[in-house]
Structures are given as structure tokens and as C-alpha cells.
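# Just the structure for this:
(one chain, ligands or ions: 4)
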Amino acid sequence: YAAKERGEPYCWYVPEMDRRAGEEARIGAELRTALDTGQLRLAYQPIVELPLGRLVAVEALVRWEHPERGLISPAAFIPVAERNGMIVELGAWVLREACGQAARWRAELGDAAPQRISVNVSARQLTRPGLAAVVAGALADSGLPASCLTIEVTETAVFEGGRAVEALHELQRLGVRIALDDFGTGHSSLTLLQTVPAQVLKVDKSFIDEVTMRGRQAVICTALIQVADGLGMTAVAEGVETAEQAAELYRLGYRLAQGYWFGRPAADLPVVRDLQRADSR
Ligand code: C2E
Ligand code: MG
Ligand code: MG
Ligand code: MG
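Ligands and ions are numbered 1, 2, ... in the order given. Predicted structure coming up:
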């Protein structure tokens, strides 16, 4: 009707909106089936120490193996699950699965296992009471120590409401680490650093892409590592795709990185590019 008031041919918009609403309802219904029949999987992407690329942690990233449509990316269904509320159940499954896998790696691999696992938590999970209990349950049932779990939240999710910050304090009391994901792309980045209990700052890929060009992005990357260091936080550079980016980030002071250059998300323990060997070729 807004279009009608502006005198635009509003009827053209209706079928499109219907189509989208229908599409959303279909994804929502199929996601219900996916959860019930075990079509969801986790992929694990390495988080490595610079300069040599030693594996120190993994990030768990959810995947949907759809029986007809194949692998569906979380970008296509996480927002739907957020809107219809299914994210709470989906997120609880992710937490349990990730903690279970991390605990198995520790049992099987000992010191060679990743020290920590990161799990993404969305706004709706954070603002709804009970997240800390779900996390505590996943830790208790898997036997994973709380210090081995990092919860990743975006600035936007924390910005949502008052309960979000309270939830982060509850998580912190459990002994898990909090990471600010996609840092710098939200609308309250620096304010959050004053109010939110977080130990890890994940610098968004958009700042990393051109870090080797010595332009604005390099200035921002430099500023962010100084902020992280100054606040006693750990910085992680996200979306590192080339050796040149990795080298430049190391030069700027980054000691942790994640990206396709080191390893893509994989179904099992990620194989990390061995930079020492790559260098000596
Ligand atoms: P994120 O948490 O920022 O995760 C990093 C995303 O960047 C992943 O995409 C990863 O595959 C991708 N990535 C990593 N390195 C590179 C690189 O070098 N180049 C490029 N082009 N991309 C890279 P993915 O797996 O598609 O996930 C997208 C987003 O979906 C995640 O962004 C996260 O916000 C959300 N997500 C994934 N799994 C979960 C989950 O279990 N729960 C929730 N609430 N959200 C999730
Ligand atoms: Mg993340
Ligand atoms: Mg991210
Ligand atoms: Mg992201």
C-alpha cells in the first residue's frame, strides 16, 4: 500500500512478495524435516597461528545436505530459521554437535587436537533466556572443558537488546570465551568494546581483502590490532585468501588467522596448509 500511496503500480509487487513468502515458508517446513531427519552437518574451518599456520582452533559452520537440492549454505537458511524461531533448536543442535566433536578430537588426538572450537550464535538465541543453560548442557554431556569453547556473536546481534549483554555475562561466568564476529561491519563496533565481555575480535574479511594494497584497509587493520592488543583481546583476521595477505597481517601484528588460504571448511578435522613446507619448496 506504500507503493499505492506513491501512485506506483503496486499490484506488480504483490506476486513477488507472495513468491518470497511462499519460498520462506517452504524453506521453513523443509528445515523442520532437516532437523528431524538429520540432514544438517557441521563443517570445520581451521583457525591458525601465524606465521607458520599451526592449527589452534576450528570454527564450526552448519551445512544442510538437502536430498534434492544438494548442499545449502547457511546464508540461505540461517536467516529463515532466525525469523521463524527454529534457530533456537537448530542452534542447540549445533552446540551439542560441535562440543561432542571437539571432545572426541581431544580424546583421539590429545595434544594434536585443536585447542578450541568456535560456535556461531545468532541474535535470537542470545536474546532468548536459556542460552547459558543450553551451553552448560552441551559442555556437561560432551565433557568438553568450558575453556575450549568460544561463542561467536556479531555486533548486530549484541546490539539487538538489553538481554544480549546479560546473556554474554552468563556465558562468561561458565568460562567460555566470547568472540565478536565480522567485527567492524556492524553499527556499534567501538561502543561494544566498552560494554561487552569479549576476549576475541574477529576482523571482518572486508578489511582483509585489500590489506596488501597499503591503503585504507591496511590502516584499519593496523588500528584494529592495536585496539585488540591494548584491550588485552585476541585478534583473528578472517577471510585470508593469499600468502601475501597472511604475510602482511603478520607484519602488522596479527598472530591468528582464518581463511581459504589455510583451509576451507571441511567435514572432518581440517587439513592445514603447512607453510613451513610450502616456503621451502
Ligand atoms: P561467519 O561466522 O563469519 O563464518 C565465516 C564464513 O566465511 C563462512 O561462510 C566461511 O566458509 C567463509 N570463509 C572463510 N574463509 C573464507 C575465505 O578465505 N574467503 C571467503 N570468500 N569466505 C571465507 P559460511 O560457512 O557460508 O557461513 C556464513 C555465515 O553463516 C557465518 O559467517 C555465520 O554468520 C553463519 N553461520 C554458519 N554456521 C552457523 C551456525 O551454526 N549458527 C549460526 N547462528 N550462524 C551460522
Ligand atoms: Mg563466525
Ligand atoms: Mg565472521
Ligand atoms: Mg560472516
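# Could you point out the longest helix of the chain?
helix 13-37 (DSSP state H).
# for that one, what is the average pLDDT?
Across helix 13-37, pLDDT averages out at 86.
# for that helix, packing partners?
strand 54-66, helix 74-84, helix 87-109 (3 or more Cβ pairs under 8 Å, 6 or more residues apart in numbering; DSSP states H and E). Glycine gets a C-beta too; all of them are placed from N, C-alpha and C.
# Residue nearest the middle of this protein, spatially speaking?
Nearest to the mean C-alpha position of the chain, by Cα atoms, centre = their mean, lies Asn120 at 4.3 Å.
# and that one, bridged to which residues?
Glu152 (DSSP bridges).
# is any part of the longest helix of the chain close to ligand 1?
No - using Cβ under 6 Å from any ligand atom, helix 13-37 stays clear of ligand 1, with a minimum separation of 12.4 Å.
# what distance separates that helix from the centre of its chain?
The chain centre lies 24 Å from the centre of helix 13-37; the measure is Cα atoms, centre = their mean, to the nearest Å.
# buried stuff in it?
Buried residues in helix 13-37, defined by neighbour count with 16 or more other Cβ atoms under 10 Å: 27-28, 30-31, 34-35.
# can you check stretch 80-98 too?
Neighbour counts using 16+ other Cβ under 10 Å place 80-82, 84, 86-88, 90-92, 94-98 of stretch 80-98 among the buried residues.
# hmm, which two among the residues you listed are most spread apart?
Asn84 and Ala98 (22.5 Å; Cβ to Cβ).
# Name the surrounding residues that touch the longest helix of the chain.
Contact with helix 13-37 is made by 3, 39-40, 64, 66, 76-77, 80-81, 83-84, 86, 89-90, 93, as judged by Cβ atoms under 8 Å, 6 or more residues apart in numbering.
# could you redo the last one with a cut-off of 6 Å?
Outside helix 13-37, the residues within contact range by Cβ atoms under 6 Å, 6 or more residues apart in numbering are 3, 40, 64, 77, 80, 84, 86.
# Repeat that for stretch 123-133.
Contacts of stretch 123-133 (Cβ under 6 Å, 6+ apart): 82, 87-88, 91, 157, 160-161, 163-164, 167, 170-171.
# returning to that earlier point: the longest helix of the chain to helix 74-84, inter-axis angle?
Using axes from the mean of the first three to the mean of the last three Cα atoms, to 10 degrees, the direction of helix 13-37 lies 100 degrees away from that of helix 74-84.
# The helix or strand following helix 13-37 close to ligand 2?
Sequence-wise, the next helix or strand downstream of helix 13-37 (DSSP states H and E) is strand 40-49. No - applying Cβ under 5 Å from the ion, one finds strand 40-49 separated from ligand 2 by no less than 9.1 Å.
# So which bits of the stretch 51-200 of the chain are right by ligand 1?
Going by Cβ under 6 Å from any ligand atom, the residues of the stretch 51-200 of the chain near ligand 1 are 61-62, 73-75, 78, 91, 94, 120-122, 152, 181-182.
# hmm, 8 Å instead?
59-63, 73-75, 78, 81-82, 87, 90-91, 94, 119-122, 125, 152, 154, 181-182 (Cβ under 8 Å from any ligand atom).
# Residue ranges in the stretch 51-200 of the chain under the pLDDT threshold?
161 (pLDDT under 70).
# related to what we said a few turns ago, narrow the residues of the stretch 51-200 of the chain next to ligand 1 to those that are buried.
Using 16+ other Cβ under 10 Å, the buried members of these are 59-63, 74, 78, 81-82, 87, 90-91, 94, 119-122, 125, 152, 154, 181-182.
# Of those residues, which are in range of ligand 2?
Applying Cβ under 5 Å from the ion to those, those adjacent to ligand 2 are 120, 152, 181.
# what's the closest of these to ligand 3?
Here the nearest of those to ligand 3, counting by Cβ to the ion, is Asp181; it sits at 4.3 Å.
# No more questions from me, cheers.
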